[in-house]
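Q: Sequence below, structure please.
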Amino acid sequence: MRNAEYVWGDDPIESIVIPGVGVAGSVRMTEFLIATDLVTTLGQLATSVNHRLRGPLTSMKGMAQVIGLGLADMETAKRYAGKIMKEIDRLDHMLSQVLLLMDQQRHDPQPVDIHEMMDEVLLLVQAQAALQAVTISRAYATDIPEFLCDARRIRQAILNLVVNALQAMPDGGEISISTSLSKSKSDAKTNRIDIKFKDSGPGVPRSLIPRIFTPFFTTKKNGTGLGLTVARHIAQLHGGSLELKRSPGPGALFVLSLPVEPQSQALGPGSVLDPGSV
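A: Just a heads-up that it's a prediction; the model follows:
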């Protein structure tokens with residue numbers, strides 16, 4: 001008899017039947033352990049958010065006080081106001097990403113054409129790519145079927161991965177995006193859509209690889225350190241995965257894998273954060 005399942009990383013974990021407690025008690029124990037770990041994870045996330053907010057808020061407060069007291073000339077006041085607006089936009093983006101991490105609500109999956117979705121996302125970044133002299137090439141497989149997913153979340157994951165590649169190449173380069181259909185590593189009967197994002201940037205140093213999915217970890221000047229964390233979290237909520245693969249030549253290669261068939265435990269209220277990703 002199968003017990004309750006929870007999404008924990010890339011594979012579901014069944015509750016453990018503890019002798020003398022029974023199935024119901026074992027399920028409650030599993031739920032308690034998961035909830036305890038989740039509370040710890042969220043506590044760590046809250047601490048990081050607090051740390052990331054205090055510095056910019058203190059800086060903005062100081063500039064606002066200078067403007068409010070009339071201690072700045074017109075040119076300086078304009079410059080300070082511009083900096084405040086830029087910081088507000090950056091913090092707003094960071095908080096939006098945090099909310100995506102915290103969002104555990106059930107969403108009704110809808111059939112999606114992944115290629116249409118990717119073209120929509122690439123249209124959003126077209127202007128920025130042109131400004132950075134970055135070219136984007138596409139190689140879409142012809143056998144990719146529609147699949148059920150939370151379109152809003154998957155679109156965000158794709159956008160985060162494209163933006164991550166753009167940020168790695170401020171002085172120009174190339175992003176290659178390709179799709180293919182494969183079999184799941186854990187279940188040969190399950191088809192998966194693999195989406196590869198390859199850039200020609202400097203790549204990820206070996207020493208930093210273990211930290212790339214850690215919230216707020218970034219080597220980019222204007223990065224929030226949440227893009228990859230959120231993208232992997234979204235993939236896991238769908239029963240999929242996001243991995244950094246060994247790349248042929250320079251640059252980084254990220255592979256987003258999503259199951260074609262909806263996972264019974266995915267996108268539900270039992271879905272929790274992977275402790276290895278936050």
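Q: drop to CA atoms for contacts and neighbour counts, all remaining ones
A: Will do.
Q: Output the below-cut-off pLDDT ranges for the stretch 151-278 of the chain.
A: Segments of the stretch 151-278 of the chain classed as low confidence (criterion: pLDDT under 70) are 185-189, 216-217, 219-224, 262-278.
Q: Leu166 - that's part of a helix, no?
A: Yes - the assignment for Leu166 (DSSP: H, G, I helix; E, B strand; the rest coil) places it in a helix.
Q: And the residue lying closest to it once chain neighbours are set aside, which helix or strand is it part of?
A: Residue nearest to Leu166 in three dimensions, not counting chain neighbours: Ala129, with 7.0 Å by Cα to Cα, 6 or more residues apart in numbering. Under DSSP states H and E, the secondary-structure element containing Ala129 is helix 114-131.
Q: Does that helix pack against any helices or strands, and if so which?
A: When contacts are defined as 3 or more Cα pairs under 8 Å, 6 or more residues apart in numbering; DSSP states H and E, helix 114-131 sits against helix 151-167.
Q: Would you mind identifying the next helix or strand past the lengthiest strand in the chain?
A: If you go by DSSP state E, the chain has its longest strand at strand 173-183. Past strand 173-183, further along toward the C-terminus, the next helix or strand under DSSP H and E is strand 191-199.
Q: which residues are in contact with that following strand?
A: Among residues not part of strand 191-199, those counted as contacts by Cα atoms under 8 Å, 6 or more residues apart in numbering are 144, 161-162, 165, 168, 173-184, 247, 250-261.
Q: same thing but 6 Å
A: Contacts to strand 191-199, defined as Cα atoms under 6 Å, 6 or more residues apart in numbering, come from residues 165, 174-184, 251-260.
Q: And the buried ones among those, selectable in PyMOL?
A: For selection in PyMOL, the members of those meeting the burial criterion (16 or more other Cα atoms under 10 Å) are listed in this command:
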select buried, resi 165+174+175+176+177+178+179+180+181+182+184+251+252+253+254+255+256+257+258+259+260
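Q: Specify the angle between the longest strand of the chain and helix 114-131 in degrees.
A: Computed by axes from the mean of the first three to the mean of the last three Cα atoms, to 10 degrees, the angle separating strand 173-183 from helix 114-131 equals 170 degrees.
Q: For strand 173-183, name the packing helices and strands.
A: Contacting strand 173-183 under the criterion 3 or more Cα pairs under 6 Å, 6 or more residues apart in numbering; DSSP states H and E are the following elements: strand 134-139, strand 191-199.
Q: winner for burial among these?
A: Among the helices and strands packed on strand 173-183, judged by mean count of other Cα atoms under 10 Å, the one packed with the most neighbours on average is strand 191-199 (a mean of 23).
Q: what's the angle from the next helix-or-strand element following that one to helix 151-167?
A: Read in the C-terminal direction, the helix or strand following strand 191-199 is helix 227-237, with elements assigned using DSSP H and E. Taking the same axes, to 10 degrees, one finds helix 227-237 and helix 151-167 inclined to each other by 150 degrees.
Q: relative orientation of the helix or strand just after helix 227-237 and strand 191-199 in degrees?
A: Read in the C-terminal direction, the helix or strand following helix 227-237 is strand 241-245, with elements assigned using DSSP H and E. Regarding strand 241-245 and strand 191-199, their directions subtend 40 degrees when assessed with the same axes, to 10 degrees.
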